[in-house]
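Visitor: Model the following, please.
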Amino acid sequence: MGDSHGPPGGDPAVRGTGAPARAGSPTAATDRRGAVVAALMLAMALSALDSTIVSTAVPQIVGDLGGFSYFSWLFSGYLLAVTVTLPVYGKLSDTFGRKPVLVAGAVVFLTGSLLCALAWNMGALVAFRIVQGLGGGALQATVQTLAADLYPLEQRPRIQARLSTVWAVSSVAGPGLGGLLATYADWRWIFLVNLPVGALALWLIVRHLHEVRPASTSPPRVDWAGAFTVFACGGALLTALVQGGVAWDWLSTPSLALFGTGLALVVAVVVVERRAAEPIIPGWVWRRRTIAAVNLALGALGLLMIAPAVFLPTYAQTVLGLAPVAAGFVLSVWTLTWPVSAALSQHVYRRIGFRNTALAGIGAAALVLAAFPLLPYPGRAWQPMLLMMLLGAALGLFQLPLVVGVQSSVTWEERGTATASVLFCRQTGQTVGAALFGAVANGVLAARLGGSGDLDAVTGPLGGGAVPEATRRAVADAVQAVYLGAACAAALAFLVLLFLAPRKFPVLKD
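Guide: Sure, this is the predicted structure:
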């Protein structure tokens with residue numbers, strides 16, 4: 001096996017839940033762990049759904065509340081809050097345990113959901129979506145960490161594959177569910193449905209998760225100054241990336257002010273964290289080759305995922321002439337192969353190691369992305385669908401071994417911070433990818449159409465067969481350029497793993 005590890009220390013179900021071992025009754029502990037896993041899957045589904053469920057209900061929301069000019073903050077506000085809180089929650093879970101952080105995050109998330117359902121105008125709804133995101137960050141960070149706590153190395157791919165499946169299916173199903181609720185009920189039900197599901201997950205966690213934390217001789221200390229500066233720094237830089245070229249020009253005063261503030265806060269973060277006794281982002285996250293390389297590689301993964309997730313539906317409707325539902329299906333097929341590949345990856349990395357398995361996956365992904373511009377014009381729907389199925393299989397082989405490898409290379413009191421750093425880099429990569437590839441697509445459209453190209457403006461009559469031929473070709477060229485950029489991001493991840501990651505991850509005994 002490429003990465004050596006020791007045998008698991010005791011019954012994983014008993015160790016994971018902290019339940020006392022009773023002779024002859026391992027089923028009780030296993031059932032308890034199953035209840036906790038069910039709660040984690042429910043929490044993951046809520047966090048993933050709320051990233052996309054609002055998108056198809058925007059017309060109804062705007063018609064009821066007004067505020068069309070800044071409705072985009074319904075999405076970016078939530079995602080920004082989730083992203084910038086990930087490092088904070090990761091460190092808090094290492095300091096106080098996973099259970100209190102997860103419970104507190106679930107309460108904040110459900111409170112935000114209730115407030116969203118009661119919003120009286122767009123400004124209030126945006127503010128309450130940010131409250132939701134503050135809770136959603138705790139759900140994302142702690143769920144992944146608890147999954148590693150509950151299972152030994154040999155079984156972690158199974159639970160991580162389940163969580164990947166829940167995430168993928170929820171993300172894809174979100175827009176459809178949101179449209180159904182907005183059409184046949186009321187848009188406020190988009191947020192109200194979170195309450196019973198979240199309450200069930202919360203009850204299962206409180207009732208069945210009994211954590212045993214390693215004993216500590218010193219009282220826990222929280223780096224609140226570091227938490228604030230990390231939050232402010234991430235908020236400024238990510239807001240500049242999300243809104244740049246959308247709400248204002250890249251070289252405008254707001255954009256330059258936000259980037260300048262963000263860079264100044266980067267310096268402040270470094271100064272504060274170097275002086276802190278228990279920093280939110282400790283230096284070892286970047287000093288250890290394994291974690292640093294995985295952070296950079298998964299940042300590139302977040303970047304390249306934007307190409308299919310954002311631009312493929314537009315391509316399918318404009319270039320292929322598909323209806324919105326069919327276009328969504330073209331994209332969703334990668335959710336079929338990704339979790340299957342992730343679940344099977346353990347059989348690969350046990351033979352050739354975490355790094356080599358991830359290299360094979362991201363190398364295959366680079367080839368698949370680079371093949372997209374070679375598709376015939378206008379082509380058939382099965383052609384991009386086939387590529388998406390191959391891409392999902394490649395990325396499942398890439399992502400899960402890296403996550404499992406990092407979680408298995410650290411101790412319990414470091415696992416939350418390490419997991420949160422990985423998720424933070426992936427989320428940041430998605431934000432950078434949305435800004436970068438949006439600029440690439442608009443630039444190609446402008447060049448092909450002889451004006452200021454705008455991907456949203458030129459694809460108005462989607463799926464209706466009335467899109468001009470020049471526009472169809474321009475959109476095809478723009479999306480092909482984006483996919484080439486995504487292939488470059490995959491190649492960058494390959495090089496990072498090849499030259500920075502150790503050949504064998506330093507896996508600790510469970």
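
Visitor: Give me the domain ranges for the chain.
Guide: The domain map for the chain lists 1-210, 223-277, 282-510, with the assignment taken from automatic domain parsing.

Visitor: Any chance of a markdown table for the ones you listed, columns mean pLDDT and mean neighbour count?
Guide: All C-beta spots, glycine's among them, are computed from the backbone N, C-alpha and C. What follows is these, written out as a markdown table (pLDDT from 0 to 100; neighbours: other Cβ atoms under 10 Å):
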| stretch | mean pLDDT | mean neighbour count |
| --- | --- | --- |
| domain 1-210 | 76 | 20 |
| domain 223-277 | 83 | 17 |
| domain 282-510 | 85 | 20 |
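
Visitor: Just give the nearest non-adjacent residue to the most centrally placed residue in the chain, would you?
Guide: The residue lying closest to the centre of the chain (Cα atoms, centre = their mean) is Gln427, at 5.2 Å. For Gln427, ignoring the flanking residues on the chain, the nearest one in space by Cβ to Cβ, 6 or more residues apart in numbering is Thr83 at 4.2 Å.

Visitor: same check, this time on Leu484
Guide: Of all residues not flanking Leu484 in the chain, Pro373 sits nearest, at 6.1 Å (Cβ to Cβ, 6+ apart).

Visitor: In this structure the one you found contacts Gln480, no?
Guide: Yes. Taking Cβ atoms under 8 Å as the definition, Pro373 is a contact partner of Gln480 at 4.0 Å.

Visitor: what's near enough to touch Tyr158?
Guide: One thing to correct before we go on: residue 158 is Arg, not Tyr. With contacts defined as Cβ atoms under 8 Å, 6 or more residues apart in numbering, Arg158 is in contact with 151, 343, 346.

Visitor: all strands of the chain, in order?
Guide: In order along the chain, the chain carries no strands (DSSP state E).

Visitor: Longest helix in it, by number of residues?
Guide: helix 412-449 (DSSP state H).

Visitor: wait, Leu153 sits on Ser409?
Guide: No. Counting by Cβ under 8 Å, Ser409 is not a contact partner of Leu153; they are 10.3 Å apart.

Visitor: tell me, what's touching those two both at once?
Guide: Overlap of the contact sets of Leu153 and Ser409 (by Cβ under 8 Å, 6+ apart) consists of Val507.

Visitor: about what we covered before: was I right to think the residue nearest to Gln427 contacts Thr239?
Guide: No. With contact taken as Cβ under 8 Å, Thr83 and Thr239 are classed as non-touching, separated by 10.7 Å.

Visitor: From Leu238, how far off is the closest residue to Leu134 other than its chain neighbours?
Guide: Nearest-residue entry for Leu134: Ala81, 5.0 Å, with adjacent residues in sequence omitted and distances by Cβ to Cβ, 6+ apart. According to Cβ to Cβ, to the nearest Å, Ala81 stands 10 Å off from Leu238.

Visitor: which one of the contacts of Arg158 is nearest Val193?
Guide: The closest of the contacts of Arg158 to Val193 turns out to be Ala343 (Cβ to Cβ; 28.6 Å).

Visitor: what residues are up against the closest residue to that closest one other than its chain neighbours?
Guide: For Ala343, the nearest residue in space outside its immediate sequence neighbours is Ala161; the separation is 3.7 Å by Cβ to Cβ, 6+ apart. Residues near Ala161 by Cβ under 8 Å, 6+ apart: 339-340, 342-343, 396, 400.

Visitor: Would you check which pair of the residues you listed lies furthest apart?
Guide: The largest separation in those, counting by Cβ to Cβ, is between Val340 and Leu400 at 11.2 Å.

Visitor: which helices and strands sit right next to the longest helix of the chain?
Guide: The criterion is 3 or more Cβ pairs under 8 Å, 6 or more residues apart in numbering; DSSP states H and E, and the helices and strands that helix 412-449 contacts are helix 73-96, helix 122-150, helix 224-243, helix 284-287, helix 289-306, helix 382-407, helix 469-499.

Visitor: so which of those helices gets nearest Pro506?
Guide: It is, among the helices and strands packed on helix 412-449 and with distance given as Cβ to Cβ, helix 289-306, at 6.5 Å.

Visitor: May I have the closest one exported as PDB, CA atoms only?
Guide: Written as PDB, here are the backbone C-alpha positions of helix 289-306 (Å, rounded to 0.1, in the frame of the first residue of the first chain):
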ATOM      1  CA  ARG A 289       3.700  19.800   2.900                       C
ATOM      2  CA  THR A 290       0.800  17.500   2.900                       C
ATOM      3  CA  ILE A 291      -1.800  20.000   4.000                       C
ATOM      4  CA  ALA A 292      -0.400  22.900   2.000                       C
ATOM      5  CA  ALA A 293      -0.300  20.900  -1.200                       C
ATOM      6  CA  VAL A 294      -3.900  19.600  -0.700                       C
ATOM      7  CA  ASN A 295      -5.100  23.100   0.100                       C
ATOM      8  CA  LEU A 296      -3.700  24.400  -3.200                       C
ATOM      9  CA  ALA A 297      -4.900  21.400  -5.200                       C
ATOM     10  CA  LEU A 298      -8.400  21.700  -3.900                       C
ATOM     11  CA  GLY A 299      -8.400  25.400  -4.500                       C
ATOM     12  CA  ALA A 300      -7.700  24.600  -8.100                       C
ATOM     13  CA  LEU A 301     -10.600  22.000  -8.000                       C
ATOM     14  CA  GLY A 302     -13.000  24.700  -6.800                       C
ATOM     15  CA  LEU A 303     -11.900  26.900  -9.600                       C
ATOM     16  CA  LEU A 304     -12.300  24.300 -12.400                       C
ATOM     17  CA  MET A 305     -15.700  23.200 -11.100                       C
ATOM     18  CA  ILE A 306     -17.100  26.600 -12.100                       C
END
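
Visitor: what packs against that helix?
Guide: Using 3+ Cβ pairs under 8 Å, 6+ apart as the contact criterion, the neighbours of helix 289-306 among helices and strands are helix 284-287, helix 354-371, helix 382-407, helix 412-449, helix 469-499.

Visitor: any chance of those in TSV, plus distance to Ala277?
Guide: What follows is the helices and strands packed on helix 289-306, written out as TSV (distance: least, Cβ to Cβ, whole Å):
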stretch	distance to Ala277
helix 284-287	14
helix 354-371	32
helix 382-407	24
helix 412-449	14
helix 469-499	31
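
Visitor: quick one: which of those helices is nearest Phe109?
Guide: For these, proximity to Phe109 was assessed by Cβ to Cβ; helix 412-449 is nearest, at 16.2 Å.

Visitor: Next, the angle from that closest one to helix 289-306.
Guide: Between the axes of helix 412-449 and helix 289-306, defined by axes from the mean of the first three to the mean of the last three Cα atoms, to 10 degrees, the angle is 30 degrees.

Visitor: Relative to the whole chain's centre, how far out is helix 412-449?
Guide: A distance of 10 Å separates the centroid of the chain from that of helix 412-449, by Cα atoms, centre = their mean, to the nearest Å.

Visitor: And stretch 321-329, by the same measure?
Guide: Chain-centre distance of stretch 321-329: 24 Å, with Cα atoms, centre = their mean.

Visitor: do the same with stretch 35-53
Guide: 12 Å.

Visitor: and that stretch, C-alpha only, in CSV?
Guide: Once non-C-alpha atoms are left out, stretch 35-53 reads as follows in CSV (Å, rounded to 0.1, in the frame of the first residue of the first chain):
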residue,chain,number,x,y,z
ALA,A,35,-28.2,7.9,13.9
VAL,A,36,-25.4,10.5,14.0
VAL,A,37,-24.5,9.8,10.4
ALA,A,38,-28.2,10.3,9.4
ALA,A,39,-28.0,13.7,11.2
LEU,A,40,-24.8,14.6,9.4
MET,A,41,-26.4,13.8,6.0
LEU,A,42,-29.4,15.9,6.9
ALA,A,43,-27.2,18.8,7.9
MET,A,44,-25.1,18.5,4.7
ALA,A,45,-28.3,18.4,2.6
LEU,A,46,-29.6,21.6,4.2
SER,A,47,-26.3,23.4,3.7
ALA,A,48,-26.1,22.3,0.0
LEU,A,49,-29.7,23.0,-0.8
ASP,A,50,-29.6,26.6,0.5
SER,A,51,-26.7,27.3,-1.8
THR,A,52,-28.9,26.9,-4.9
ILE,A,53,-32.6,26.6,-3.9
